[in-house]
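Student: Below are the sequence and a predicted model; questions follow.
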Amino acid sequence: MNPITREAKRTLINALNEADIDPSAEVVIAPPHLYLIPTQEIIRKEVKVAAQNCYLKDSGAFTGEISPKQLADAGIPFVILGHSERRTILHESSELVAQKTRAALDAGLSIILCIGETLQQREAGETAKVCEDQLKPVVEALKEGDWSKIVIAYEPVWAIGTGKVATPQQAQDAHADIRAFLSKAVSPAVASSTRIIYGGSVTAANSKELSTLPDVDGFLVGGASLKPEFVNIINSKKN
């Protein structure tokens with residue numbers, strides 16, 4: 001729920017509009033629903049806009065929700081689904097996330113699909129199993145061709161907003177495990193072409209090294225996206 005004023009929103013967008021951004025980087029920003037259309041109207045055309053969530057129905061009596069069809073009609077191309085805060089705070093199940101994913105795809109949206117483990121699960125050595133269990137309902141709900149519109153965001157819950165970051169080796173291992181699961185559960189072609197991005201206290205200081213890892217294809221940026229360093233993270237592949 002940031003930023004909390006329209007003035008702050010304009011300041012962030014103006015900074016992004018004026019920034020020197022690596023043209024090879026795909027940049028997607030996800031403001032609160034209230035700011036989606038105003039942001040879409042003034043952000044530079046290279047930057048795409050995503051909703052932070054949507055429901056699994058196109059319309060109906062679901063007060064407080066936003067439908068994938070509404071997003072598509074408004075020209076919003078992306079939606080984030082299954083974010084760890086929705087899973088942990090609002091108790092969304094992997095099955096519900098899969099249903100939302102199917103509905104968003106049917107509406108023509110592209111999806112940033114979040115998965116990841118808690119500290120307790122990591123310490124129990126269950127990272128790969130947790131990620132697979134969160135992906136299985138999605139695999140069952142999708143056809144192979146649907147995966148071209150999916151970006152997977154691995155976000156270790158223990159590293160979100162805590163200042164803790166998975167080591168480069170931990171991030172690479174988790175991403176490699178996810179890719180191996182996709183190869184087995186869907187196809188090797190989908191495994192190699194699906195982008196897997198890392199989200200967990202990403203900053204300008206750690207993005208450079210993380211961006212060199214073979215299975216890290218980008219970042220899901222939280223708090224740092226509200227700071228000037230966001231541009232440095234976008235440009236982390238730039239020499």
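Tutor: Alright, I've got the coordinates.
Student: count of residues packed around Ala72?
Tutor: Other residues lying near Ala72 total 18 when counted by other Cβ atoms under 10 Å. Where C-beta positions appear, they are placed from N, C-alpha and C, glycine not excepted.
Student: what's near enough to touch Leu56?
Tutor: Under the criterion of Cβ atoms under 8 Å, 6 or more residues apart in numbering, the contact list for Leu56 reads 96, 99-100, 102-103.
Student: Pick the one among those residues closest to Pro31.
Tutor: Lys100 (19.2 Å; Cβ to Cβ).
Student: The closest one and Tyr55 touch, don't they?
Tutor: Yes: the pair Lys100 / Tyr55 is scored as a contact, 6.9 Å apart, by Cβ atoms under 8 Å.
Student: circling back: ranking the contacts of Leu56 by neighbours, who comes first?
Tutor: Lys100 (25 neighbours).
Student: ok so, going back, would you mind listing the residues touching both of Lys100 and Tyr55?
Tutor: Common neighbours of Lys100 and Tyr55 (Cβ under 8 Å, 6+ apart) are Pro68.
Student: can you list the contacts of Leu56 in CSV and add pLDDT, distance to Val27 and secondary structure?
Tutor: What follows is the contacts of Leu56, written out as CSV (pLDDT from 0 to 100; distance: Cβ to Cβ, whole Å; DSSP: H, G, I helix; E, B strand; the rest coil):
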residue, pLDDT, distance to Val27, secondary structure
Leu96, 98, 28, helix
Gln99, 98, 28, helix
Lys100, 98, 24, helix
Arg102, 98, 26, helix
Ala103, 98, 25, helix
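Student: Out of these, flag the one nearest to Ser236.
Tutor: So of these, ranked by how close each gets to Ser236 (Cβ to Cβ), first place is Lys100, at 29.9 Å.
Student: got a list of what that closest one touches?
Tutor: 54-56, 68, 81-82.
Student: I'd like to know the average pLDDT value across stretch 210-223.
Tutor: Stretch 210-223 shows a mean pLDDT of 96.
Student: now do the same end-to-end measure for that stretch.
Tutor: With Cα to Cα, to the nearest Å as the measure, stretch 210-223 spans 17 Å from end to end.
Student: what's next to it, contact-wise?
Tutor: So stretch 210-223 is contacted by 25-26, 112, 114, 151, 153, 155, 160-161, 168, 171-172, 175-176, 178-179, 195-199, 201-202, 207, 230, 233, 236-237 (Cβ under 8 Å, 6+ apart).
Student: Filter those down to the buried ones.
Tutor: By neighbour count, with 16 or more other Cβ atoms under 10 Å, the contacts of stretch 210-223 hold 112, 114, 151, 153, 155, 160, 168, 171-172, 175-176, 178-179, 196-199, 201-202, 207, 230, 233, 236 as buried.
Student: circling back: just give me the closest of the contacts of Leu56 to Ala128.
Tutor: The nearest member of the contacts of Leu56 to Ala128, counting by Cβ to Cβ, is Leu96 at 22.3 Å.
Student: Who are the contact partners of that closest one?
Tutor: With contacts defined as Cβ under 8 Å, 6+ apart, the neighbours of Leu96 are Leu56.
Student: the bottom helix or strand of the protein by mean pLDDT?
Tutor: Scoring the helices and strands of the chain by mean pLDDT, DSSP states H and E places helix 119-123 at the bottom, with a mean of 91.
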